[in-house]
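Asker: just to be clear, the model below is a prediction. Sequence and coordinates:
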Amino acid sequence: MLLTVLGCSGSVPGPGAPASGYLLEAEGFLLGIELGNGTFSELQSRRDPFELDALLFSHLHADHCSDFSALSVYRRYHPRPTIDPRANKLPVHAPAEAPTRFSAQYGTDAADRAVTDLSDVFDFQALQVGKFQIGPFEVVAAAAAHPCESFSFRISHGGRSFAYTGDTDVYDGLSDLARGVDVFMAEASWTHGGAVIPDLHMSGREAGEVAADAGVGRLLLTHIPPWTDTAAVLAEARAAFRGDVVLVRQGASYEV
């Protein structure tokens with residue numbers, strides 16, 4: 001599996017830095033994970049957006065999904081699509097509210113949304129806790145600790161495994177979800193003790209502690225907001241986890 005980072009700025013896009021968006025590829029199957037502010041531009045600079053085979057959203061906060069509207073316009077109105085988007089509807093695995101939320105984001109008023117539910121070019125599939133298949137990937141979804149319906153994922157293929165926290169605080173079962181994965185991508189939005197909001201995000205120390213408890217092979221840190229000291233977050237994670245710890249970079253790719 002190959003993981004490519006379209007954007008990794010936490011909570012908001014930063015200067016020249018898109019918010020959350022990733023590509024995971026295996027056997028020629030291209031899975032988009034999140035599509036936050038600015039990521040559709042980055043996607044176009046690397047791939048034909050019609051090459052996407054499926055999308056997976058952990059939750060519906062804007063920094064993880066706002067560029068879905070841009071993709072909707074692209075799939076509906078591109079004059080020379082490389083596939084027929086209506087005959088090849090893009091599977092979208094997302095929280096249950098996604099069809100109405102994305103339609104409201106795309107439409108201008110209630111009457112408009114009634115005829116632009118986006119089902120002409122997308123096949124919405126509501127996420128549930130448990131195991132399912134997306135192309136060649138076996139996916140396990142777990143309920144995350146965040147203010148809205150939110151999920152963490154374990155994705156496996158060909159004997160390799162990858163886990164992604166989505167946005168979450170530490171919760172019972174997160175270490176089990178990530179147990180023994182080759183690559184663990186964890187959000188780490190602040191330094192430890194700097195936040196007073198429960199069930200929102202993890203610190204660098206907490207990301208490292210989960211990685212250590214789960215016995216992962218490699219820890220990738222993501223979703224660090226522009227106002228957070230990235231070096232301090234990295235130092236916290238490295239103090240808690242003795243394995244390889246990397247701050248993901250926009251445009252970088254990582255073998256899983």
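Answerer: Yes, it's here.
Asker: need the nearest residue in space to residue 32, chain neighbours excluded.
Answerer: residue 55 (4.6 Å; CB to CB, 6 or more residues apart in numbering). In short, each C-beta sits where N, CA and C put it, glycine included.
Asker: and for the one you found, the neighbour number?
Answerer: 24 (other CB atoms under 10 Å).
Asker: for residue 236, give its distance to residue 252.
Answerer: Taking CB to CB, to the nearest Å as the measure, residue 236 falls 21 Å from residue 252.
Asker: look at these two and report which has more neighbours.
Answerer: The neighbour count for residue 236 versus residue 252, taken as other CB under 10 Å, is higher for residue 236 (24 against 13).
Asker: host element of the more buried one?
Answerer: Per DSSP states H and E: residue 236 is located in helix 230-240.
Asker: which strands or helices does the host helix or strand of residue 142 pack on?
Answerer: In this structure, residue 142 sits in strand 137-143 according to DSSP H and E. When contacts are defined as 3 or more CB pairs under 8 Å, 6 or more residues apart in numbering; DSSP states H and E, strand 137-143 packs onto strand 130-134, strand 151-157, helix 174-177.
Asker: out of those, nearest to residue 95?
Answerer: Counting by CB to CB, residue 95 lies closest to strand 151-157 out of the helices and strands packed on strand 137-143; the figure is 7.4 Å.
Asker: that closest one vs strand 137-143, what angle?
Answerer: Angle, strand 151-157 to strand 137-143, by axes from the mean of the first three to the mean of the last three CA atoms, to 10 degrees: 160 degrees.
Asker: mind listing residues that contact the helix or strand following strand 151-157?
Answerer: Using DSSP H and E, the helix or strand that follows strand 151-157 in sequence is strand 160-164. For strand 160-164, contacts defined as CB atoms under 8 Å, 6 or more residues apart in numbering pick out 1, 3, 22, 24, 33, 58, 152-156, 177-178, 180-186, 214, 216, 256.
Asker: now the helices: where do they sit in the stretch 1-150 of the chain?
Answerer: Remark: helices assigned in the stretch 1-150 of the chain by DSSP state H, counting those that start in this stretch are 39-46, 62-65, 68-77, 98-106, 110-115.
Asker: please identify the most buried of the ones you listed.
Answerer: When these are scored by mean count of other CB atoms under 10 Å, the highest mean neighbour count falls to helix 62-65 (a mean of 24).
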